[in-house]
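>>> Next one to model:
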Amino acid sequence: MRITRGCYKDIPAYILDTGVYTATVLHEDGGKIASFIKNATSVEYLLTREGERYGRIGLGDAFERGECSGFDDMFPTIDPETRLSPSGKRLEYPDHGEVCRVKHGASVSRDTLTLTYTSEALGYTFTKVFSEGEGGALKISYSILNTEEEALSALFAAHCLIRAEDGGRLILPFNEGEPTDIVSDTSGSLTAGERIPLSEHLIRTEREGVPHSDKFYFPRECPDGFIGYEYPSGERFMMRFDSEELSCLGVWRNFEGLNGCYCLGLEPATLGYDTVTEANRRGQSRPLAPHSTLEFSITLSIE
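Numbering: from 1, shown residues only. Coordinates of the predicted model:
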């Protein structure tokens, strides 16, 4: 994989070229993958935003006030919440987590890019290594170390925003009829807290009615580690992941309801339902033991 320095809009970036795909990584802005392009066609698959200036966010900003595009990592939460450690220390988890809004240290070898961030406030070191996977796929290998003497209650979730098109379809490791839990729906056609069977309505993307967004989770663990999206052209954006560690799967669909964007959020996660507290309430619990490390990988490709 060829790695060069460059810019994305007005900020520094690393450009990763596997020969099949080119990805743009923002090491100073959460390690976001801002762009994922198939070299042969120059087609962009991630959601991008117009404008010459990148929308940076700080620790206290709402995530939606920033660029709100591309592929971010969410750790240690999705929705903001306050947690207490086992010893009673107050931990503030910001919107969409901490790692997506901070500068990462970067180091380059001949064919890998390594990004690292250590949180003194929350007690972890977050590392991810970009490399070339099979068939030129982009592989991201993650390592999250709990640096504290007590367990860390946290979740990791991918936040991969991809372009959607009318007539496109989600590719899921579940069949129609699988129970799904509705978390939110701004259109009012679905009810938050309701459990309904997976249907064509949730799988297919069509802009109908007023702009809106919705989100759902599968209460059952992933039987296989993949999620994707088939465009009307027949091309498939595929995300493959370690389903043993990323055992929960959520999907956010945005039909121009937020920022006027038409996109899907593909969100494999260690815990579901957007916060550790809500996951625990639903019987999910995976605290990271003292000085232990969570490791997994995610790959991106077009098929």
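>>> From now on I want contacts and neighbour counts done on CA atoms only, so please keep to that.
Will do.
>>> Distance check, residue 167 against residue 233.
Here residue 167 is placed at a distance of 10 Å from residue 233 (CA to CA, to the nearest Å).
>>> These two: who's more crowded?
Neighbours were counted for residue 167 and for residue 233 using other CA atoms under 10 Å; residue 167 has more, 14 against 9.
>>> what's the helix or strand for residue 22?
Using DSSP states H and E, residue 22 sits within strand 21-26.
>>> What helices and strands are in contact with that strand?
With contacts taken as 3 or more CA pairs under 8 Å, 6 or more residues apart in numbering; DSSP states H and E, strand 21-26 sits against strand 11-17, strand 32-38.
>>> What helices and strands are in contact with the first one?
The criterion is 3+ CA pairs under 8 Å, 6+ apart, and the helices and strands that strand 11-17 contacts are strand 2-8, strand 21-26.
>>> and among those strands, the most buried is which?
Counting by mean count of other CA atoms under 10 Å, strand 21-26 has the highest mean neighbour count of these, with a mean of 24.
>>> Could you tell me the angle between it and strand 32-38?
170 degrees (axes from the mean of the first three to the mean of the last three CA atoms, to 10 degrees).
>>> which residues touch strand 21-26?
8, 11-17, 31-39, 136-138, 301 (CA atoms under 8 Å, 6 or more residues apart in numbering).
>>> Show me which of these are buried.
Neighbour counting with 16 or more other CA atoms under 10 Å marks 8, 11-17, 31-38, 136-138, 301 as buried within these.
>>> Would you state the strands of the stretch 101-250 of the chain in chain order?
105-108, 113-119, 124-132, 138-146, 157-163, 168-171, 179-185, 195-197, 204-205, 212-217, 226-230, 236-241, 248-255 (DSSP state E, counting those that start in this stretch).
>>> Between these, which one is closest to residue 58.
Closest to residue 58 of these is strand 113-119 (CA to CA; 14.3 Å).
>>> what comes up buried for the closest one?
Neighbour-count burial for strand 113-119, counted by 16+ other CA under 10 Å, picks out 113, 114, 115, 116, 117, 118.
>>> Arrange those in JSON lines, one row each, with distance to residue 156 and pLDDT as further columns.
Below are the buried residues of strand 113-119 laid out as JSON lines (distance: CA to CA, whole Å; pLDDT from 0 to 100):
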{"residue": "113", "distance to residue 156": "21", "pLDDT": "98"}
{"residue": "114", "distance to residue 156": "18", "pLDDT": "98"}
{"residue": "115", "distance to residue 156": "16", "pLDDT": "98"}
{"residue": "116", "distance to residue 156": "16", "pLDDT": "98"}
{"residue": "117", "distance to residue 156": "15", "pLDDT": "98"}
{"residue": "118", "distance to residue 156": "15", "pLDDT": "98"}
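>>> between those, which is closest to residue 69?
residue 115 (19.5 Å).
>>> so where's this structure uncertain?
Low-confidence segments of the chain, defined by pLDDT under 70: none present.
>>> in it, which helix has the most residues?
Identified as the longest helix of the chain according to DSSP state H is helix 276-281.
>>> Can I get it in CSV? Just the C-alpha atoms.
What follows is helix 276-281, C-alpha atoms only, in CSV (Å, rounded to 0.1, in the frame of the first residue of the first chain):
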residue,chain,number,x,y,z
VAL,A,276,-23.6,1.4,27.9
THR,A,277,-26.5,2.1,30.3
GLU,A,278,-29.1,1.1,27.8
ALA,A,279,-27.2,-1.9,26.6
ASN,A,280,-26.9,-3.0,30.3
ARG,A,281,-30.6,-2.5,30.8
